[in-house]
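Visitor: heads up, no residue letters with this:
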């Protein structure tokens, strides 16, 4: 890890020495570390740990194990569910490129950008890290942009009828 990544991971740990152990804080710390890993190109990053509690001494000993795996890049980028909408338009708006460094923030930006097109009822951008025969992360992450087109807008023509008196500052006229 470089010093910036290490600092982000350490900041994600909410457990404090001398404070009572709280399992919710422990689990939240693990989730936050995973979020930091996924934001910094470690799509296969994982966090595990163990806790030993000594009830007599009223102490808890917690360990967190962080595995980053390889830094990852985007692999295949596909669009599904687009119907009549051109996939190349969705891909252009998503602005994801094969070989670009992976980041969960980049995926979230792509999802917002595609949804902002306004023609879609839903947009879901998902990533799947590729694994080799030994189930080890290869460092390539495939992305799927699943969309659902919105309702088609129908236009119509209508007519109206007005009756009564219209008064303006200068004249009064009857409308029937």
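Guide: Yes, it's here. All values reported here derive from a predicted model rather than from experimental measurement.

Visitor: CA atoms for contacts and neighbours, from now on please.
Guide: OK.

Visitor: which regions of the protein sit below the pLDDT cut-off?
Guide: 152-156, 162-176 (pLDDT under 70).

Visitor: Look at residue 38 and tell me its secondary structure.
Guide: helix (DSSP: H, G, I helix; E, B strand; the rest coil).

Visitor: Point to the residue nearest the middle of the chain.
Guide: In the chain, the C-alpha closest to the average C-alpha coordinate belongs to residue 108, at a distance of 3.6 Å (CA atoms, centre = their mean).

Visitor: Strands of this structure, residue ranges please.
Guide: 46-54, 59-67, 73-80, 120-131, 137-149, 164-167, 172-175 (DSSP state E).

Visitor: Present the ones you listed as TSV; the columns should include mean neighbour count.
Guide: Listed next are the strands of the chain as TSV, based on neighbours: other CA atoms under 10 Å:
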stretch	mean neighbour count
strand 46-54	13
strand 59-67	13
strand 73-80	18
strand 120-131	16
strand 137-149	19
strand 164-167	10
strand 172-175	10
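
Visitor: out of the ones you listed, nearest to residue 17?
Guide: Of all the strands of the chain, strand 59-67 sits nearest to residue 17, with 9.6 Å by CA to CA.

Visitor: quick one on the thing from earlier: how near is the nearest residue to the residue nearest to the centre of the chain once chain neighbours are set aside to residue 39?
Guide: Distance criterion CA to CA, 6 or more residues apart in numbering; nearest residue to residue 108, sequence neighbours excluded, is residue 125 at 7.6 Å. In this view, residue 125 and residue 39 are 15 Å apart by CA to CA, to the nearest Å.

Visitor: Residue 86 too?
Guide: 29 Å.

Visitor: same thing with residue 82?
Guide: For residue 82 relative to residue 39 (CA to CA), the value is 27 Å.

Visitor: correct me, but the residue nearest to residue 108 touches residue 115?
Guide: No - assessed by CA atoms under 8 Å, residue 125 is found out of contact with residue 115, at 10.4 Å.

Visitor: Including distance to residue 14, could the strands of the chain go into CSV?
Guide: Formatted as CSV, the strands of the chain follow (distance: least, CA to CA, whole Å):
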stretch, distance to residue 14
strand 46-54, 14
strand 59-67, 12
strand 73-80, 30
strand 120-131, 28
strand 137-149, 28
strand 164-167, 70
strand 172-175, 74
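
Visitor: can you tell me which of the ones you listed comes nearest to residue 7?
Guide: Nearest to residue 7, of those and by CA to CA, is strand 59-67 at 13.4 Å.
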